[in-house]
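Engineer: would you be able to build a 3D model of this:
(chains A and B)
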Amino acid sequence: MTNRFFRAPLFGALLALVMVGTIAPAHAAGEDGEFDAIGHTMDGNYLDFSPFGKVELPRIFLVRKADGSIGLDVYGSTKQALLTGDYVMASSYADEAHAEDGYGDAEESAYGEAGYGDAPADEATATQEAISKGKHLYGGLTRAKGDVIVDFSITRHLLFAWLAILILCLLFIPMAGKYKQGIGRTEAPRGKKMNMLETLVLYIRDEVARPNLGEKTDKFLPYLLTIFFFILTCNLLGLIPFGATATANITTTAVLAIFTFIVTQFAGTKDYWMHVFNPPGIPWFVKPIMIPIEFLGLFIKPFALAIRLFANMTAGHLVILNLIGLIFAIRAILGDGAGWGTAVPSYFLTVFIYGLEVLVAFIQAYVFTILSALFIGMAAAEHEHHGHEPHAHEQTVGTEAVI
Amino acid sequence: MTLFLAAGLLSPNVGLIFWMALAFLTLLFLLSKYAWGPITSALAEREQTIEDSLTSAQKALAEAKQLSADNEKARREGEAQAQQIMREAREAAEALRAEQVEKTRAQIRTMQDQAQAEIEREKQQALAELRTEVADLAIQAAEKILHENLDAPRQKKLVEAFISDLPKN
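Structural biologist: Got it, this is the predicted structure:
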């Protein structure tokens, strides 16, 4: 039953990416590029409170200065960084002229030094113009002299991840205090919040961790609970107005998947490594094929984990934004009447997708957690047999493929 | 431009990797230390308590049932015993009464027998005395009448013959 839900958003994501190339209704239809599905879903250095405005976030850069020394540049906002003159706009897809020059970092910095270095006045006016139009937020920044090594800027998705962390701490630490007092320990749990969260905690423990981890549940349960509630909260924060989905960012999901990868490798028993590098119960001539596959599998599993969560969370948002964008695309092509006509089905479809997204927020948090538990459990399992019957391993790979 | 859009969405951000890893580790640390420990231990403890309570309740119930069964059994036994005792007492009383009656009857019979024997003896004695007396009287009378004619032994023989002709009682 769940397959449909897992596949639909993924399919939607692919479709959306294709659509961006062909009709790109969301992007093309907006006046002055204001309505921008990708930009909205993407990470950025500002909080988007449109139509009330945008709040720029601090920029932090680890840089190699022109004289070769390494330093840290901190600015209150992108605007400030640009106004000091230390930084120039690298590229912006909102600004066609710049985008055409390329978007690779090396090229940009070269361009910045060579192109703008000769004409500082031109550059300053261009920057001023971009700021006044509010387009300076859409491109990258490069240092006028020297290179940016790492951009440690606080982004929207990071801010929402922090918000999720704050919410989780505010929810669970006082709740733990209640348990310490004896409520829920010797008495019945009290209150809606406690009962609701406890249900989720128990669900993760009994339905996700225990079946996969067995007696090692207690060791890995804190990790699984943390990852479940973090992903769930991030997913749900993306559904509130002015929110951003930290999990609709490949970097976030990659970090989470890397944690699962690390935990899995540390949980690995001797049997687990033997299954990878010397799979038992397989004819010797198959081993040269199996070993690379098993080895690659170690990395493919977390990779799939990261892509799955990212694609699912991105897809829903893109579908919603494209459905809304469709209204304006149709209006632009066929006129006002057609626009109004499209609004009705678009609205209902949007509500439907939104409802589906709430469901997907829970399902994807659950899927990430249960697959993490599965991988860790597979690595941590102590096998008693030595490879005469097909392993649980092969079966679980099948499960994963279905999901 | 399309490629650029997709790339923007898919390009990883090194700085963000650092921040996210830091953020997640912080969350993992905070929740593991301050939240999951107390919560999961409390839940486990509560489950244990509930299980123990259920087990002990079941045990108590079984014990109560056993106790009630024991009580019932004891009551039945007591009742049976009481009935037994009453029956025995009644039987004993009956036996005692019968014995008493028998004894009394035997005593009465003995006394009757004794009395009868006494009477018989007295009667025999009286008859013997009477016979002797009668014989003597008769002899005396006959002596007086026949005085000379008959000697003493002959007279006695006649009298005795006479007496033996007399009815016995």
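Engineer: low-confidence ranges in chain A?
Structural biologist: For chain A, the stretches with pLDDT under 70 are A:1-35, A:91-123, A:383-403.
Engineer: what's the longest helix in it?
Structural biologist: Across chain A, the helix with the greatest residue count (assigned by DSSP state H) is helix A:287-334.
Engineer: can you name every helix or strand that that one contacts?
Structural biologist: Packing partners of helix A:287-334 (3 or more Cβ pairs under 8 Å, 6 or more residues apart in numbering or on different chains; DSSP states H and E): helix A:2-22, helix A:25-29, helix A:37-41, helix A:250-267, helix A:270-277, helix A:336-380, helix A:392-402. (C-beta placed from N, C-alpha, C; glycine too.)
Engineer: how far out from the middle of the chain is the top helix by length along chain B?
Structural biologist: Counting residues, the longest helix found in chain B (DSSP H) is helix B:37-146. Offset of helix B:37-146 from its chain centre (Cα atoms, centre = their mean, to the nearest Å): 13 Å.
Engineer: what's the helix or strand that comes right after that helix packed up against?
Structural biologist: Sequence order places helix B:152-165 as the next helix or strand after helix B:37-146, per DSSP states H and E. Helix B:152-165 sits against helix B:37-146, with contacts defined as 3+ Cβ pairs under 8 Å, 6+ apart.
Engineer: near chain A at all, the helix it packs on?
Structural biologist: Yes - counting by Cβ under 8 Å from any Cβ of the partner chain, chain A is contacted by helix B:37-146 at B:G37, B:P38, B:I39, B:T40, B:S41, B:A42, B:L43, B:E45, B:R46, B:T49.
Engineer: helices or strands next to that helix in the packing?
Structural biologist: By 3+ Cβ pairs under 8 Å, 6+ apart, helix B:37-146 packs against helix A:156-181, helix A:192-203, helix A:217-237, helix B:152-165.
Engineer: need the winner for burial among those helices.
Structural biologist: helix A:217-237 (a mean of 22; mean count of other Cβ atoms under 10 Å in any protein chain shown).
Engineer: what angle separates it from helix B:37-146?
Structural biologist: Comparing the axes of helix A:217-237 and helix B:37-146 via axes from the mean of the first three to the mean of the last three Cα atoms, to 10 degrees yields an angle of 130 degrees.
Engineer: elements contacting helix A:217-237?
Structural biologist: helix A:156-181, helix A:192-203, helix A:210-213, helix A:250-267, helix A:336-380, helix B:14-31, helix B:37-146.
Engineer: recalculate using a threshold of 10 Å.
Structural biologist: In terms of contacts (3 or more Cβ pairs under 10 Å, 6 or more residues apart in numbering or on different chains; DSSP states H and E), helix A:217-237 is packed against helix A:156-181, helix A:192-203, helix A:210-213, helix A:250-267, helix A:287-334, helix A:336-380, helix B:14-31, helix B:37-146.
Engineer: chain center to that helix: distance?
Structural biologist: That offset, for helix A:217-237, works out to 15 Å (Cα atoms, centre = their mean).
Engineer: returning to what we had before: dump the helices and strands packed on helix A:217-237 into CSV; add distance to A:F61 as well.
Structural biologist: Formatted as CSV, these follow (distance: least, Cβ to Cβ, whole Å):
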stretch, distance to A:F61
helix A:156-181, 15
helix A:192-203, 40
helix A:210-213, 42
helix A:250-267, 17
helix A:287-334, 25
helix A:336-380, 32
helix B:14-31, 9
helix B:37-146, 39
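Engineer: which one of the residues of helix B:37-146 next to chain A has the most neighbours?
Structural biologist: B:I39 (28 neighbours; other Cβ atoms under 10 Å in any protein chain shown).
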